[in-house]
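Asker: coords please:
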Amino acid sequence: MSDCASPAPLETVELQTGPQPQAGVVWLHGVGADGHHFEYLVDQFTRRGDPPLRFVFPHAPVRAVTLCGGERMRAWYDLRNVDRQIDQDETAIRASFDAISALIERERQRGVRSDRLVLGGFSQGGAMALFTGTRCAQPLAGLIAVSCYRLLASSFARERQAANRNTPIFLAHGSADPVVPPSAAQDTRRQLESAGYRVEWHGYPVGHELCAPELADLTSFVRRVLSLDSAL
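Answerer: Just a heads-up that it's a prediction; the model follows:
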C-alpha cells in the first residue's frame, strides 16, 4: 500500500507459552511506551492447558512527537494536533502499516497463519491495529482497538480490503477519557458499522486506561476468536 522502501524490521518482545505455536497475538503499544508495557497480557489471556501461543509486542520507532514538545520517544507516528483527525502524519502511518504487515507475514513464515492471529493495540497502537487490520490483504482472527480513533478516514472506503470484512472487531473506550474524546471512538464505530463490519462495542467509566472489567472482556474476546476454550 505504501510507496516507501521496505521498512527496517521492528524490534519486538516475544513470549511463547509453548513450543511450535500455531496461533498468537500481536499487540501495539501507545505513544511513549514500548513493547514491554503490555507483557502482562500473556498471563491475562492464557489458561493452563491452552495450546501454545506466541505473543509479539513490537517497539515502535523512536521519533519526535510534536504534542510532547518535540521530545523523542517511541511512537507509530507524530501527533501534531490535539484533535487527532487534523494534520495526521500520513507518511509515518503508512510506514508503520508496512512494518506491522511485515510482522504478520513473518508469523506466517514461522507457522502461524494470519487467520490465527489477533492484532490489537491501545491508544496510538489501537489506531494502528485498526488501520492495518482493515487494510490488510490477509484474513485475521480478530482486531482489537482500545481507546483510539480513526486514521486517514477519507481513504478508508477505497483502501479497505475484503479479507477482514467479516473479522470480529473489539472496540472500546473510556467515557471519561481526557486524551482521546469518547466522540472519536463513536465516530470510528459509526464508520465501521456503516461499512458492515462486525463491531463488538464496549464502554467503561474510566479515563485513558485499561480497567479490570475491560481486561476481562478482552480476555473473553481473544479466547473466543482463537477458539482457546474449545481446545481445552
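Asker: send me the helix or strand of the chain with the lowest mean pLDDT as CSV with only the CA atoms.
Answerer: Least confident helix or strand, the chain: helix 228-231 with a mean of 78, by mean pLDDT, DSSP states H and E. The C-alpha coordinates for helix 228-231 follow below in CSV (Å, rounded to 0.1, in the frame of the first residue of the first chain):
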residue,chain,number,x,y,z
LEU,A,228,-9.0,-21.5,23.0
ASP,A,229,-11.6,-22.8,25.3
SER,A,230,-12.8,-25.3,22.8
ALA,A,231,-9.3,-26.6,22.6
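Asker: give the buried residues for that helix.
Answerer: For helix 228-231, burial by neighbour count (16 or more other CB atoms under 10 Å) applies to L228. The way it works is simple: take the backbone N, C-alpha and C, and place the C-beta from them, glycine included.
Asker: tell me what that helix is packed against?
Answerer: Judged by 3 or more CB pairs under 8 Å, 6 or more residues apart in numbering; DSSP states H and E, helix 228-231 has no packing partners among the helices and strands.
Asker: report the distance from it to the chain centre.
Answerer: With CA atoms, centre = their mean, to the nearest Å as the basis, helix 228-231 stands 23 Å off its chain's centre.
Asker: what sits up against that helix?
Answerer: Helix 228-231 has contacts (CB atoms under 8 Å, 6 or more residues apart in numbering) with T46, R47, D50, P51, V222, R223.
Asker: quick check: chain neighbours aside, which residue is closest to the first one?
Answerer: To tie it back to what came earlier, the one meant is T46. Excluding the flanking residues, the one nearest T46 by CB to CB, 6 or more residues apart in numbering is T17, at 5.6 Å.
Asker: packing partners for the longest helix seen in the chain?
Answerer: In the chain, assigned by DSSP state H, the helix with the most residues is helix 90-109. Judged by 3+ CB pairs under 8 Å, 6+ apart, helix 90-109 is in contact with strand 24-28, strand 54-58, strand 117-122, helix 124-135.
Asker: dump the ones you listed to TSV, plus mean neighbour count, distance to H173 and mean pLDDT.
Answerer: Output for the helices and strands packed on helix 90-109, formatted as TSV (neighbours: other CB atoms under 10 Å; distance: least, CB to CB, whole Å; pLDDT from 0 to 100):
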stretch	mean neighbour count	distance to H173	mean pLDDT
strand 24-28	26	16	98
strand 54-58	24	22	98
strand 117-122	27	11	98
helix 124-135	28	9	98
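Asker: would TSV of the ones you listed with distance to E209 be doable?
Answerer: Output for those, formatted as TSV (distance: least, CB to CB, whole Å):
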stretch	distance to E209
strand 24-28	16
strand 54-58	18
strand 117-122	9
helix 124-135	13
